[in-house]
Every structure is written in C-alpha cells, then in structure tokens.
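Trainee: structural data only, the sequence is not supplied:
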C-alpha cells in the first residue's frame with residue numbers, strides 16, 4: 001500500500017519530469033537542466049559531480065534484475081544504460097531509467113526497504129546493515145567512508161548513519177540486558 005507521502009512525491013516527480021522532458025532536445029540536456037532546477041537527486045549528494053556511471057555501487061542484484069524485466073508503461077525490457085539520473089540515499093540508490101519504447105521513467109531501487117515507524121518511505125536495508133556492521137567492527141563513520149572511497153563507492157552522511165545506528169542499537173542493548181540477566185540467574189542458581 002502506498003503512503004500519502006509516496007503518492008505526493010510521485011505526483012510531484014511526474015510533473016517535474018514531464019516539464020524537463022518538454023525542455024530537453026537530447027537526453028544529454030537533462031544533466032545541464034536538472035541542477036538549474038534545483039534537483040539534487042537525493043539526500044546524500046555531497047559529491048554532486050558523481051553521476052551514476054562513476055565509481056561502484058552496492059546493489060541487490062535480484063532486486064535489480066526483477067525491476068529491469070519490464071517497463072511499467074509498456075512491458076518491454078529496461079536497459080541500465082538508459083539511466084537518466086541516480087538519487088543516492090546513503091549506500092542505496094534509486095536509478096531513474098527511461099524506457100526505449102515508450103519513454104516512461106521507472107524508479108528502480110538498488111536495495112530493499114524496511115519500515116521503522118508509522119510514517120515515511122522506509123529505510124534502505126543496506127544502510128541499516130552497514131550501521132550494524134560498523135557497530136560490530138567497532139569502526140566509525142569516517143573509517144567506513146574512507147574504506148568505501150578507496151574502492152570507489154560513494155559514502156553516507158554522518159546523520160543518516162547515526163539514524164540507522166540508533167535503530168540497530170536499540171535491539172542490541174535489549175538483547176545484551178536480557179543475556180546479562182540470564183547469566184546472573186544462572187550464576188545464582190549454581191551458587192545455591
């Protein structure tokens with residue numbers, strides 16, 4: 001089921017893209033017009049010069065393969081090289097791919113989502129798993145971004161990672177408390 005937020009976002013995006021399509025003569029013109037229109041392409045656009053073709057991405061291949069099977073507009077296969085732009089959300093992305101047959105623009109995520117609260121579009125699994133891995137390894141935001149910068153993967157903002165870390169830490173702390181209480185009970189039972 002689609003939330004009101006997602007519906008509003010989709011309607012706004014549709015009208016925005018329709019306006020851009022009317023202005024552009026060639027597909028390359030999109031890259032010149034989008035920044036002038038205030039389109040940042042996502043919440044984690046620290047490196048605005050990075051296009052979807054630059055570097056590497058962490059991608060759920062089964063999710064991508066399933067999404068590329070058919071255009072929502074006409075049912076024909078979508079091709080990755082027809083990507084118009086990329087919206088980055090931490091380590092996840094949404095690729096906006098244009099259909100060769102009908103021109104319909106399909107938004108394809110590179111990671112699954114999960115919902116952490118009552119509202120909002122949901123958090124990307126990859127970002128939450130990165131926060132869990134970071135906590136498990138004992139590394140921080142800078143170390144994580146340095147590692148991924150070395151292999152050519154765009155990083156994640158400190159705020160986005162902090163939010164995901166808070167989500168992950170809550171069940172970890174509860175589990176640790178429960179484990180400690182069980183150990184105390186076991187120790188008490190053995191001493192009596």
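Mentor: Everything's here; your move. It should be emphasised that the depicted structure is a prediction, and the values quoted were computed from it without experimental measurement. Numbering: from 1, shown residues only.
Trainee: helix or strand with the lowest mean pLDDT in this structure?
Mentor: When each helix and strand of the chain is scored by mean pLDDT, DSSP states H and E, helix 29-36 comes last, with a mean of 53.
Trainee: enumerate the positions of the helix or strand just after that one that are buried.
Mentor: Next helix or strand after helix 29-36 toward the C-terminus (DSSP states H and E): helix 61-68. Using 16 or more other Cβ atoms under 10 Å as the burial criterion, the residues of helix 61-68 that qualify are 64, 67, 68. Heads up, the C-betas are built off the backbone N, CA and C, glycines and all.
Trainee: which residues touch the most centrally placed residue in the chain?
Mentor: Most central in the chain under Cα atoms, centre = their mean is residue 92, positioned 2.8 Å from the mean C-alpha point. In this structure, residue 92 makes contact with 58, 109, 110, 111, 124, 125, 126, 127, judged by Cβ atoms under 8 Å, 6 or more residues apart in numbering.
Trainee: so residue 131 is in contact with residue 167, correct?
Mentor: Yes - using Cβ atoms under 8 Å, residue 131 is in contact with residue 167, at 7.2 Å.
Trainee: higher neighbour count, these two?
Mentor: Neighbours were counted for residue 131 and for residue 167 using other Cβ atoms under 10 Å; residue 131 has more, 25 against 17.
Trainee: quick check, that one in a helix?
Mentor: Yes - under DSSP: H, G, I helix; E, B strand; the rest coil, residue 131 falls within a helix.
Trainee: what about it, distance to residue 77?
Mentor: 35 Å (Cβ to Cβ, to the nearest Å).
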